[in-house]
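In: I would like the atomic coordinates for the input below:
(chains A and B)
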Amino acid sequence: MLETALTGTASELKFRDPEKAQALSRALEGICREVGREPVSVMHVCGSHEQAIAKFGLRAVLPRSLNVIMGPGCPVCVTDLPEVDEAVVLAQDGVRIATYGDMLKVPGTSRSLADAQTAGARLDVVYSATQAVELARDTTDEVVFFASGFETTAVATAAVVLADPPPNFSVLSAHKYIPPVMEIVAEMPGTKVEGFLAAGHAATITGSAIFERFVERHKIPVVVAGFEPLDILAALVKLVELVRDETPRVVNMFPRCVTPEGNRNAQEQLWRVFRTVGGQWRGIAHVPNGNLRLRDEFAHVDARKKFQIDVRRLWNHAPSTLTQLCICGDIMAGIASPSGCSLFGKECVPDTPVGACMVSSEGTCRIWHQYGGHPDL
Amino acid sequence: MSATLKAGAMAGTGDLVTMKHGAGGRAMRRLIEETLAAGFVDTPVDGFGLAAMDDGAALRVGDQWLVVTTDSHVVHPIVFPGGDIGRLAIAGTVNDLAMMGATEPLGLTSAIIVEEGFRRADLERVQRSMQDTCREAGVTIVTGDTKVMGRGELDGLVINTTGVAMTTSLVRDAGLRPGDRIILTGTIGDHGIALMAKRHGLAFEVELTSDVAPINGLIRNALAAVPGGITAMKDPTRGGVASALHEMAEKSGVCIVIEEPQVPVNPVVRAAAEMLGLDPFHIANEGKALLGVRPEAAAAVLAALRAHPQGGAAAIVGTCLADHPGRLVLDTGIGRRLMTESEGEPLPRIC
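Out: Numbers count the residues shown, from 1 in each chain, chains lettered A, B, ... in the order given. This is a model prediction of the structure:
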């Protein structure tokens, strides 16, 4: 059982003050003007940032000359088809799959986990890795935790793997590691990205210093940002300042949680359990060192080693031709926007998503479909 | 298990009814329009029938309206913090009648289907709860039906209730006009979050309780405050406030702008929803109403609501505009965005 302390709302409101938000918006407008050309394009690599931007309606108050691109920051969206297929095959074989809610609708090669559930497979939506373990303790069935997310949730998975889980528990890791994909985006031909907003929660684990080498190599500023509206606006102000002054640096604008060195204990657990391997990120590219997989010494907890997962039997259902028209990859690379996709809002809607960006509440297409992108309200 | 799955070869899942078709959003409306209501919507009715897709039907009887509504109740778990399936079954139907301006139900019917092996003590508990809730609403059950089905043929208990009432002042969910103010009768999200917490074993320091309650007394106060002052009503149950407002805006042909800072949300519900990545606007309520009110009547209706024990947190939360009919805009106090309708069952996010 999750025991959670809830504090009052006073502290949360500190970072949601409308007047301060308006002042920051005005400051941002001024700095964008000082850059003297438009648009200024910056990218965030975190679905939670896009979610906060959309939820608080920030796009309606951001300067038109500032292009805030959502990068490949939604772990659900970049989960590759074969990874979903593996979970679907296990589910069809009668294994209980425990996973985070937004993984259910991600389309695999021929179907999603939600489709498998409709046809009778057993799925459990969990809120944490710990809950998946508890599920396994309460049953004799095999329980596979289909684990997704970046460094943040991977640490939680590592912790349960290290805490001696029951023998009927194993992990199907679709965890991803963010720093390598920033390199890919920065080196992508035609990239317009002039600065990155880094995710505050991932940096809480990795530390802000992890971006120093990146900045040195690519001469692009990185600002670590939190998730309240004032956090995001203040970080954007700092980032555009660095663009204007042509002074690429790492700046930590989330110091109440993030330190330069990060959470050493969490890092230690993460790397004891996981190693990085190269792999395809859906729609983006092959990302060297972009996937987190369990180390060999944890083979007994690794669903890929424990079960014979033959995904080929799903492949006699040809992938739909629609999938080939999907431009999620270009959207996540910041080269295209959803309005440039022929499927967006027509064949591809949240009810029947074609690409993964329409599935998760953190996906760019889903967010544009729901909140209207740059709405004129 | 895998054998059956393969044999079924998973027929296109578009051919199957899924959980999202029951979640109160757009998918559900489409299923009803395309399948269940087909063939009935075109039959002429003296009043408002299925074609109106309102909370219930209103049939003309002399110079009055006979309002009829029916609802089948399933809930998991059957007993939850703040209520149980019995209370839900009575309150749901009484409230649907009230949403059409009929706050004095003539009577309810109750049809119960029980699964073999259901504990008799639990059934008695549900029955007592139905009685108590009826007393609270000033209504009684006038006829009923009981069936028992084999083990595994249904999940525990299903209760269907039908309600009938007369009214002279029919209120529909399509009656909003530009300039009307939107009043919410209390905090949002309580029922859905309490159930989700219970269902998924999430414990908070403060227990979350469902708001399930009959609110015909509260609505009676509001209707009496300014005759003709209330132009539309809807109770934001499944699909939450967002779905209810979308339906009202679409049917009425107005744009609704909601001021988020004015919307009452219990701080614990807000925190729990944020933690789970859910939007309180998408979460079910079982004891609240959205009222469209003429601008000059808004203050008096609000005062009447607040004077009732169930309406202490009532607030004016929005305004109807003529531009962009059907659109729902949320002013967050910091920026503005479209407020979306929920798509299927709300799913907690990963991070």
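
In: got the contact list for the residue nearest the centre of chain A?
Out: With distances taken as CA atoms, centre = their mean, the residue of chain A nearest its centroid is residue A:74 (2.6 Å). Residue A:74 makes contacts with A:47, A:50, A:332, A:356, A:357, A:360, A:362, A:363, A:364, as judged by CB atoms under 8 Å, 6 or more residues apart in numbering or on different chains. Every residue, glycine included, has its C-beta placed from N, CA and C.

In: can you give me the neighbour number for residue 112?
Out: Using chain A here. Neighbours of residue A:112 under the rule other CB atoms under 10 Å in any protein chain shown: 21.

In: try chain B instead
Out: 22.

In: which other helices and strands does the helix or strand containing it contact?
Out: Using DSSP states H and E, residue B:112 sits within strand B:105-115. Applying 3 or more CB pairs under 8 Å, 6 or more residues apart in numbering or on different chains; DSSP states H and E, one finds that strand B:105-115 makes contact with helix B:85-98, helix B:120-137, strand B:141-149, strand B:157-167.

In: make it 7 Å
Out: Under the contact criterion of 3 or more CB pairs under 7 Å, 6 or more residues apart in numbering or on different chains; DSSP states H and E, strand B:105-115 touches helix B:85-98, strand B:141-149, strand B:157-167.

In: what pairs with the second one, parallel or antiparallel?
Out: Applying DSSP bridges to the sheet, strand B:141-149 is found paired with strand B:105-115 (parallel).

In: please point out which parts of stretch A:260-267 sit buried.
Out: Applying a neighbour-count criterion of 16 or more other CB atoms under 10 Å in any protein chain shown, the buried positions in stretch A:260-267 are A:262, A:263, A:266, A:267.

In: next one: stretch A:53-73
Out: Result for stretch A:53-73 [16+ other CB under 10 Å]: buried residues A:53-63, A:65-73.

In: which residues does stretch A:297-307 contact?
Out: For stretch A:297-307, the surrounding residues in contact (CB atoms under 7 Å, 6 or more residues apart in numbering or on different chains) are A:90, A:144, A:161, A:165, A:169, A:170, A:171, A:172, A:273, A:294.

In: in chain A, spot the strand with the most residues.
Out: Ranked by residue count and defined by DSSP state E, the top strand of chain A is strand A:285-294.

In: and the helix or strand following that strand, how far from the chain's centre?
Out: Using DSSP H and E, the helix or strand that follows strand A:285-294 in sequence is helix A:303-306. In terms of CA atoms, centre = their mean, to the nearest Å, the centre of helix A:303-306 is found 25 Å from the chain centre.

In: state the mean pLDDT of helix A:303-306.
Out: Mean pLDDT, computed over helix A:303-306, is 96.

In: quick one: buried residues of that helix?
Out: Neighbour-count burial for helix A:303-306, counted by 16+ other CB under 10 Å, picks out A:303, A:304, A:306.

In: stretch B:160-170 now?
Out: B:160, B:161, B:162, B:163, B:164, B:165, B:167, B:170.

In: any idea which of the helices and strands packed on strand B:105-115 is most buried?
Out: When the helices and strands packed on strand B:105-115 are scored by mean count of other CB atoms under 10 Å in any protein chain shown, the highest mean neighbour count falls to helix B:85-98 (a mean of 28).

In: and that one with strand B:157-167, angle?
Out: 30 degrees (axes from the mean of the first three to the mean of the last three CA atoms, to 10 degrees).
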